[in-house]
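Undergrad: please work out how this folds:
(4 chains)
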Protein chains: 2
Amino acid sequence: MLKDIIENNQNYQPGLSIDCVIFGFHDNHLKVLLIKVPRSTKSSLPGGFIPIDQDIDTAAVTVLNSRTGVEGVFLRQFATFGKISRNDQHFGKNVLEYLKIEEEKGKWLTQRFVTIGYYALVDFLKIIPNPVNHDEIVEWIDHKEVPELILDHKEILDKALDTLRTELNLMPVGYNLLPEKFTIPELQKLYETILDKKLDRRNFLRKITNIGILTKLDEKKSNVAHKAPNLYSFDKEKYDEVLKNGLTQGW
Amino acid sequence: MLKDIIENNQNYQPGLSIDCVIFGFHDNHLKVLLIKVPRSTKSSLPGGFIPIDQDIDTAAVTVLNSRTGVEGVFLRQFATFGKISRNDQHFGKNVLEYLKIEEEKGKWLTQRFVTIGYYALVDFLKIIPNPVNHDEIVEWIDHKEVPELILDHKEILDKALDTLRTELNLMPVGYNLLPEKFTIPELQKLYETILDKKLDRRNFLRKITNIGILTKLDEKKSNVAHKAPNLYSFDKEKYDEVLKNGLTQGW
DNA sequence: CATAAATGTGTTATTATGACGCAATGTACT
DNA sequence: AGTACATTGCGTCATAATAACACATTTATG
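TA: Residues are numbered from 1 along each chain as shown, chains lettered A, B, ... in the order given. As a prediction, this is how the structure comes out:
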């Protein structure tokens, strides 16, 4: 796969890549989709290269889709990373030798790569992690337990989370991360996880319902300990409207 | 200059450029620094290419500095643009012929370029617009009177303004755009211009002073019609603190 | 059947916001 | 010189948003 790309590097945008931070929410934990290559001790964000005949946004959708199988999800560009040292030595001579790539073509790969970061919010349950290469492991990792990552991928991940945290003040979040029916405590837990702080139960309910994007269902969650919480769903129409216009701003 | 870059294109990141939206504020109007090339009917944003041995942020500072002569200003990356059609036909055969560039090397330039957008906030009065090429005209244009721009530069400019508008809710703005001493009505006008809406005088004063970044000076503006407004300055220490921690957020 | 842990639904005090009143200041015109 | 006018400075008041907290309800568990 990588060898194919290098051999046909004239079909790809040189020196430019895409990395996706794919967020999911499951079991009240925020998860990130990571790739593990057996020969390496470090994990990485799912990424890819950009065909010269594709918009970068389209290429990002392709990366996301090829890894998760989902379509039509929330995907947003958040930053571009281009320190000169960011991929020093990453594809060293040994890797090129291993892949049987001649030095001249290897230059395409070993130059400094600038990478465009996208973050995605996906429904954990609809995802089928898909290893593009046979020896890869694609897995969900709790965002609090992210192992050492290659290159500057940790920085990219942190920036994605920071962006998401900021955007929580500008837009509603949840439609893409929660199942069709969910409870307020689940939604609150999502907010708390992203913000990394506790929120007051009662104030959260008031504020989130005031946005006007929730529909209270005549149904309670089953098989739970203690009092069964009510189920809600998003009013997609109003949700999209608020997404488009943004939450009420300060000025 | 452009010819030099193409001739030595191995020294530059291929297929990648930087474009800067440089905002200034003067005479109660928000201005944008634009480049006009005499032979072209369209203007453009000041931009440049990325030396392979420079961080992209550094390259952006270089672009800004070479155009305006200022250093240490507010510069922020806001988005990356990479539609495949974005520079179709921009450097056509005629341009290459004009620059006497052989076809093979011209490919470096005529491929799809992805551009990284940065926006800067600068003190209008400290700027010395500097044409890098002898036949360029560098000028401040009122943001409401921006002429037709090349490529997708209008889209880039709009996105920059939109980002600035959003960030007004997250951080204080003004230190980089106003002179040392300024009046509240001037600061309000800046906010109104960016937000493109009228604000109430009295409520604005209350809200802006509550942030705690202003120092009221014992001095009034001179040579003004009507009642002379008081002068203020920013408390740089507190300003930077708020910039770092952000304005109080919703959640 | 009492307990523990969670949910549903409030109240209250404080603060922030939006809409507006009015006096003070300084220019410009008669 | 005196008055009209635009603009600033400093308020008020009603309403909305927020933070902190109280209490009853539901349901698994021992």
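Undergrad: is A:Leu125 in contact with A:His26, as I believe?
TA: Yes. In terms of C-beta atoms under 8 Å, A:Leu125 counts as a neighbour of A:His26; the distance is 7.4 Å. (Each C-beta comes from the backbone N, C-alpha and C, glycine too.)
Undergrad: higher neighbour count, the two?
TA: A:His26 (16 against 11; other C-beta atoms under 10 Å in any protein chain shown).
Undergrad: for chain B, see how far away that one is.
TA: With the distance defined as C-beta to the nearest C-beta, to the nearest Å, A:His26 ends up 22 Å from chain B.
Undergrad: wait, what's in contact with that residue?
TA: Counting by C-beta atoms under 8 Å, 6 or more residues apart in numbering or on different chains, A:His26 touches A:Phe124, A:Leu125, A:Trp140.
Undergrad: which elements pack onto the helix or strand where A:Thr209 lies?
TA: Element membership of A:Thr209 [criterion: DSSP states H and E] is helix A:201-210. The contact analysis (3 or more C-beta pairs under 8 Å, 6 or more residues apart in numbering or on different chains; DSSP states H and E) places helix A:201-210 against helix A:184-195.
Undergrad: give me that answer again for 6 Å
TA: Using 3 or more C-beta pairs under 6 Å, 6 or more residues apart in numbering or on different chains; DSSP states H and E, no helix or strand is in contact with helix A:201-210.
Undergrad: can it be found next to DNA strand D?
TA: Yes. Using C-beta under 7 Å from any atom of the strand, helix A:201-210 comes into contact with DNA strand D via A:Arg202, A:Asn203, A:Arg206, A:Lys207, A:Asn210.
Undergrad: count of residues packed around the first one?
TA: Going back to what we said before, that points to A:Arg202. Counted with other C-beta under 10 Å, the neighbours of A:Arg202 add up to 8.
Undergrad: what's the pLDDT at it?
TA: For A:Arg202, the pLDDT comes out at 96.
Undergrad: mind listing what it touches?
TA: For A:Arg202, the contact set (C-beta atoms under 6 Å, 6 or more residues apart in numbering or on different chains) is empty.
Undergrad: wait, A:Gln188 touches A:Leu205, no?
TA: No. Using C-beta atoms under 6 Å, A:Gln188 is not in contact with A:Leu205, being 8.0 Å away.
Undergrad: and A:Val146, how close does it get to DNA strand D?
TA: To DNA strand D, A:Val146 is 29 Å away according to C-beta to the nearest atom of the strand, to the nearest Å.
Undergrad: number of nearby residues for that residue?
TA: Other residues close to A:Val146 by other C-beta under 10 Å number 16.
Undergrad: for the residues of helix A:201-210 next to DNA strand D, which one is nearest chain B?
TA: A:Lys207 (8.2 Å; C-beta to the nearest C-beta).
Undergrad: next, count neighbours for that closest one.
TA: Neighbours of A:Lys207 using other C-beta under 10 Å come to 14.
Undergrad: equivalent analysis for A:Lys154, please.
TA: By other C-beta under 10 Å, 16 other residues sit near A:Lys154.
Undergrad: from the chain's centre, how far out does stretch A:133-151 sit?
TA: Taking C-alpha atoms, centre = their mean, to the nearest Å, the mean C-alpha location of stretch A:133-151 is offset from the chain mean by 12 Å.
Undergrad: show me which helix runs longest in chain A.
TA: helix A:153-167 (DSSP state H).
Undergrad: just the CA trace of that one, in PDB.
TA: Only the C-alpha atoms of helix A:153-167 are listed here, as PDB (Å, rounded to 0.1, in the frame of the first residue of the first chain):
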ATOM      1  CA  HIS A 153       0.600  12.800  16.700                       C
ATOM      2  CA  LYS A 154       0.200  13.400  20.400                       C
ATOM      3  CA  GLU A 155       0.300  17.100  19.700                       C
ATOM      4  CA  ILE A 156      -2.200  16.700  16.900                       C
ATOM      5  CA  LEU A 157      -4.500  14.700  19.100                       C
ATOM      6  CA  ASP A 158      -4.300  17.300  21.900                       C
ATOM      7  CA  LYS A 159      -5.000  20.100  19.600                       C
ATOM      8  CA  ALA A 160      -8.000  18.200  18.300                       C
ATOM      9  CA  LEU A 161      -9.400  17.800  21.700                       C
ATOM     10  CA  ASP A 162      -8.700  21.400  22.600                       C
ATOM     11  CA  THR A 163     -10.500  22.500  19.500                       C
ATOM     12  CA  LEU A 164     -13.500  20.300  20.300                       C
ATOM     13  CA  ARG A 165     -13.500  21.700  23.800                       C
ATOM     14  CA  THR A 166     -13.700  25.200  22.400                       C
ATOM     15  CA  GLU A 167     -16.300  24.400  19.900                       C
END
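Undergrad: next, the angle from that helix to helix A:184-195.
TA: Between the axis of helix A:153-167 and that of helix A:184-195 there is an angle of 130 degrees, by axes from the mean of the first three to the mean of the last three C-alpha atoms, to 10 degrees.
Undergrad: what does chain A put close to chain B?
TA: A:13-15, A:52-53, A:55-56, A:80, A:82-84, A:112, A:116, A:168-169, A:195, A:249-251 (C-beta under 6 Å from any C-beta of the partner chain).
Undergrad: so of those residues, which ones are in helices?
TA: Counted as lying in helices by DSSP H, out of those, are A:Ile56, A:Leu195.
Undergrad: now the buried members of the residues of chain A next to chain B.
TA: Applying 16 or more other C-beta atoms under 10 Å in any protein chain shown to the residues of chain A next to chain B, the neighbour count classes A:13-15, A:55-56, A:80, A:82-84, A:112, A:116, A:168-169 as buried.
Undergrad: identify the farthest-apart pair in these.
TA: Greatest spacing in these, by C-beta to C-beta: A:Pro14 and A:Asn169 (37.7 Å).
Undergrad: A:Ile35 and A:Asp4, how far apart?
TA: Distance, A:Ile35 to A:Asp4, using C-beta to C-beta, to the nearest Å: 18 Å.
Undergrad: those two: who's more crowded?
TA: Using other C-beta under 10 Å, the more surrounded residue of A:Ile35 and A:Asp4 is A:Ile35, with 22 against 9.
Undergrad: skipping its backbone neighbours, what lies nearest that one in space?
TA: A:Ser44 (5.1 Å; C-beta to C-beta, 6 or more residues apart in numbering or on different chains).
Undergrad: need the contact list for that neighbour.
TA: By C-beta under 6 Å, 6+ apart, the contact list for A:Ser44 reads A:Ile35, A:Leu149, A:Ile150, A:His153.
Undergrad: what about 10 Å?
TA: A:Asp19, A:Leu34, A:Ile35, A:Lys36, A:Val37, A:Glu136, A:Leu149, A:Ile150, A:Leu151, A:His153, A:Ile156 (C-beta atoms under 10 Å, 6 or more residues apart in numbering or on different chains).
Undergrad: buried sites along stretch A:59-78?
TA: Applying 16+ other C-beta under 10 Å to stretch A:59-78 flags A:59-61, A:63-64, A:67-68, A:70, A:73, A:75-78 as buried.
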